[in-house]
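>>> Model the structure of this input:
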Amino acid sequence: MGGFTDLKDNDIPFGFSVEEIILAVVSKYHYPVVFNFPAGHIQDNCALRLGDKINLEVGKLFKLSF
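The predicted structure follows:
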C-alpha cells in the first residue's frame, strides 16, 4: 500500500486505522500486503512498472529490484 497522506475522519469516526481496514478486506486472500510503500501522489515516489516482475524485500529498509 502506498503512502496515505492528509487523511480525514468522518463526523462519525471509522474506529479503525487505514491499515486495519485494508487488512480486514484482504484477509481472505493469501498474498503479502506491504504498508507505507513510497508510491502514489507523494514526493518520494517509487512507482512500480505494471507487467514487470519485481522482487520486494520488506524489513526496516526495503529493497526493490526489477
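>>> From here on, just use CA atoms for contacts and neighbour counts.
Fine.
>>> where's the residue of the chain most remote from its centre, which helix or strand?
Distance from the C-alpha centroid of the chain peaks at D11, with 25.0 Å (CA atoms, centre = their mean). Counting by DSSP states H and E, no helix or strand carries D11.
>>> Report pLDDT for it.
Looking at D11, its pLDDT reads 70.
>>> In contact with it, which residues?
Residues counted as contacts of D11 (CA atoms under 8 Å, 6 or more residues apart in numbering): none.
>>> switch to numbering from 720
Happy to do that; since the first residue is 720 now, the last one works out to D730.
>>> Roughly how far does it sit from E738?
20 Å (CA to CA, to the nearest Å).
>>> about what we covered before: how close does the residue farthest from the centre of the chain sit to V737?
From D730 to V737 the distance is 16 Å (CA to CA).
>>> Could you list the low-pLDDT ranges of the chain?
Applying pLDDT under 70 to the chain flags the ranges 721-722, 728-729, 731-732, 778-785.
>>> need the helices for the protein, in chain order.
With DSSP state H as the criterion, the chain has helices at 737-745.
>>> In PDB, list the C-alpha atoms belonging to stretch 750-769.
Extracted in PDB, the C-alpha atoms of stretch 750-769 (Å, rounded to 0.1, in the frame of the first residue of the first chain):
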ATOM      1  CA  TYR A 750      -0.800 -12.700  -0.600                       C
ATOM      2  CA  PRO A 751       1.500 -10.300   1.200                       C
ATOM      3  CA  VAL A 752       0.500  -6.700   2.000                       C
ATOM      4  CA  VAL A 753       3.100  -4.100   2.500                       C
ATOM      5  CA  PHE A 754       2.200  -0.700   4.100                       C
ATOM      6  CA  ASN A 755       3.900   2.600   3.800                       C
ATOM      7  CA  PHE A 756       5.500   1.800   0.400                       C
ATOM      8  CA  PRO A 757       6.700   5.100  -1.100                       C
ATOM      9  CA  ALA A 758       4.300   5.100  -4.100                       C
ATOM     10  CA  GLY A 759       1.400   7.300  -5.100                       C
ATOM     11  CA  HIS A 760       1.000  11.000  -5.100                       C
ATOM     12  CA  ILE A 761       3.900  11.800  -2.900                       C
ATOM     13  CA  GLN A 762       7.300  13.500  -3.400                       C
ATOM     14  CA  ASP A 763       9.500  10.300  -3.000                       C
ATOM     15  CA  ASN A 764       7.500   8.200  -5.500                       C
ATOM     16  CA  CYS A 765       9.000   4.700  -6.200                       C
ATOM     17  CA  ALA A 766       6.500   3.700  -8.900                       C
ATOM     18  CA  LEU A 767       6.200   0.000 -10.000                       C
ATOM     19  CA  ARG A 768       6.000  -0.700 -13.700                       C
ATOM     20  CA  LEU A 769       2.900  -2.800 -14.500                       C
END
